[in-house]
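Colleague: Structural data only, the sequence is not supplied:
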């Protein structure tokens, strides 16, 4: 009997977010969704991340409708998964339990089977509320540990630290660090654990050691999620497969590679050779990929550097003999821990299929590609792009000063912006941290939670005005307003609990989206009944179907 390897497909969330700035419309989703039903992936990541914000902001679509329409098409064929930032959900500030509970309850009710929850600091306290509320709602929880590496300091920086009061830290992000985090999440009650490597920094050797260690120490299924930007993705997923991973994350070929996850089709070839059963209907995958080809052309304005991978039908196309040997060699190298040869061979495979070459800047600097892009934009706006090398050298120190946060959303953006601020200060003859963002102040203060490395109290005092770690006080959270729109018949901006949650989670974007929606509904009623406005004026009180105590109900029903 062949061994099973489960596949979580990322195409409709992480795939489109990584490749096309999350601009895939419902119309485009509709072109492939019934084919996905026939594909029978173990799970499909379809929601969370940037999806709710982006489709309201850019496409004028309702995130809850997107999820519910996908669920109605997929049914029980695949488990639907979403991505959430724990106590921060989708924003920067932590939320009270009333919002977290309302979101989790409605997400599960609308179709989410598995909530993948992570925290940018890997602070277990920030997972607890989401784990509890998802489980209470009947969903499964995937506890994701954010993968990161220790900062790299130059030899001169190491030498200077020997004669300074500011010592460099010991290695923090060891194999044991990630295993211990996974064990804490297992004890918390999660149903599976994922190593979430959004920057693609996990190399094959680390993948091997980490997966082997996790399989020894935890009893729940283990998943590896990585990207291909620095060139490790394909090799590291293969290493995970041969060392006992239960699930691996992939995207269908036209949405894979480069900044996205490895291509499912290439992982399937490895699975076939290893006699691992994915359970996926390959005929459906070929049809999906064909549809994605045209969708990619429609979305290319959002990724001008995108290049289509080689057209490949996994059900009938024969690999050239030399490429076939490369796949065989990769398996031999993975089984015998020949990491350098494995990487060399997977890079050749990627090149054959026309996937992007490794990004050496991201690989060397050990930062996410999106973080590099944001820093580049910030420097260009300040007419200081010539300072990029200096900024890259500043990142490790800024990260150390702020407690060595993993570089994942939102901490990658916070650290990146601050590194640029420090170099702008330096260029202007000012001390570092003269200019600082509110988010950086909150990170140092302790508002986001416990950092992996303790922050110097003197530095915390200097930046945030307090010397002790000061958690965010959720009791001071103020709910967003839900105003009455007199101009559209006296209805409330949010008509139900799901819409009110959108206002809480995405205040500015949801306000604009819902106002347009209320206007559209009002105009439709006027068109259907010319006397509608007159009838409204005659009413003493408009019953808009919204409970005035909705916020209290949210709290009481959790």
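Modeller: Everything's here; your move. This one's a predicted model, so the numbers in the text were calculated from it and none came from an experiment.
Colleague: Which parts of the protein are strands?
Modeller: Listed in chain order, the strands of the chain (DSSP state E) span residues 3-4, 6-9, 43-48, 79-84, 114-117, 140-146, 192-197, 222-226, 247-250, 276-277, 484-485, 491-492.
Colleague: Would you mind checking which helix or strand in the chain has the lowest mean pLDDT?
Modeller: One helix or strand of the chain scores below all others by mean pLDDT, DSSP states H and E: helix 550-556, with a mean of 49.
Colleague: ok, the closest residue to residue 469 other than its chain neighbours - how many residues close by?
Modeller: Closest residue to residue 469 apart from its sequence neighbours, by Cβ to Cβ, 6 or more residues apart in numbering: residue 446 at 3.7 Å. In short, each C-beta sits where N, CA and C put it, glycine included. Around residue 446 sit 19 other residues, with neighbours defined as other Cβ atoms under 10 Å.
Colleague: What's the separation between residue 446 and residue 479?
Modeller: 24 Å (Cβ to Cβ, to the nearest Å).
Colleague: Check residue 495 too.
Modeller: The spacing between residue 495 and residue 479, counted by Cβ to Cβ, is 16 Å.
Colleague: more crowded one of those two?
Modeller: Set residue 495 next to residue 479 and count neighbours by other Cβ under 10 Å: residue 495 wins out with 17 against 14.
Colleague: Quick check: pLDDT value at that one.
Modeller: Reported pLDDT at residue 495 in the predicted model: 95.
Colleague: ok, which stretches of the stretch 401-550 of the chain are helices?
Modeller: When assigned using DSSP state H, counting those that start in this stretch, the helices of the stretch 401-550 of the chain occupy the ranges 411-427, 438-445, 457-464, 497-505, 507-528, 532-538, 550-556.
Colleague: can I get these in TSV with mean neighbour count and distance to residue 94?
Modeller: Compiled in TSV, the helices of the stretch 401-550 of the chain are given as follows (neighbours: other Cβ atoms under 10 Å; distance: least, Cβ to Cβ, whole Å):
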stretch	mean neighbour count	distance to residue 94
helix 411-427	23	14
helix 438-445	20	10
helix 457-464	16	16
helix 497-505	22	12
helix 507-528	15	15
helix 532-538	11	40
helix 550-556	16	16
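Colleague: Throw these into a markdown table and include distance to residue 293, thanks.
Modeller: Putting the helices of the stretch 401-550 of the chain into a markdown table (distance: least, Cβ to Cβ, whole Å) gives the following:
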| stretch | distance to residue 293 |
| --- | --- |
| helix 411-427 | 31 |
| helix 438-445 | 39 |
| helix 457-464 | 49 |
| helix 497-505 | 33 |
| helix 507-528 | 31 |
| helix 532-538 | 46 |
| helix 550-556 | 44 |
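Colleague: where do the helices sit along the stretch 201-350 of the chain?
Modeller: Assigned helices in the stretch 201-350 of the chain, in chain order: 204-217, 233-242, 264-273, 282-299, 321-335, 339-352 (criterion: DSSP H, counting those that start in this stretch).
Colleague: Of the ones you listed, flag the one that's most buried.
Modeller: Scoring the helices of the stretch 201-350 of the chain by mean neighbour count under mean count of other Cβ atoms under 10 Å gives helix 233-242 as the most buried, with a mean of 28.
Colleague: possible to save the strands of the chain as TSV with distance to residue 351, mean neighbour count and mean pLDDT?
Modeller: Output for these, formatted as TSV (distance: least, Cβ to Cβ, whole Å; neighbours: other Cβ atoms under 10 Å; pLDDT from 0 to 100):
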stretch	distance to residue 351	mean neighbour count	mean pLDDT
strand 3-4	30	12	93
strand 6-9	24	25	98
strand 43-48	27	26	97
strand 79-84	30	25	97
strand 114-117	31	26	98
strand 140-146	30	26	98
strand 192-197	22	26	98
strand 222-226	19	26	98
strand 247-250	19	26	98
strand 276-277	25	16	98
strand 484-485	56	15	94
strand 491-492	56	21	94
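Colleague: could you redo these as a markdown table and give each row distance to residue 403?
Modeller: Formatted as a markdown table, the strands of the chain follow (distance: least, Cβ to Cβ, whole Å):
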| stretch | distance to residue 403 |
| --- | --- |
| strand 3-4 | 40 |
| strand 6-9 | 31 |
| strand 43-48 | 26 |
| strand 79-84 | 23 |
| strand 114-117 | 21 |
| strand 140-146 | 14 |
| strand 192-197 | 19 |
| strand 222-226 | 24 |
| strand 247-250 | 28 |
| strand 276-277 | 40 |
| strand 484-485 | 44 |
| strand 491-492 | 42 |
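Colleague: Let me know which of those is the nearest to residue 346.
Modeller: Checking the strands of the chain against residue 346 by Cβ to Cβ gives strand 222-226 as the closest, at 12.5 Å.
Colleague: looking just at contacts, which helices and strands does that closest one meet?
Modeller: The criterion is 3 or more Cβ pairs under 8 Å, 6 or more residues apart in numbering; DSSP states H and E, and the helices and strands that strand 222-226 contacts are strand 192-197, helix 204-217, helix 233-242, strand 247-250.
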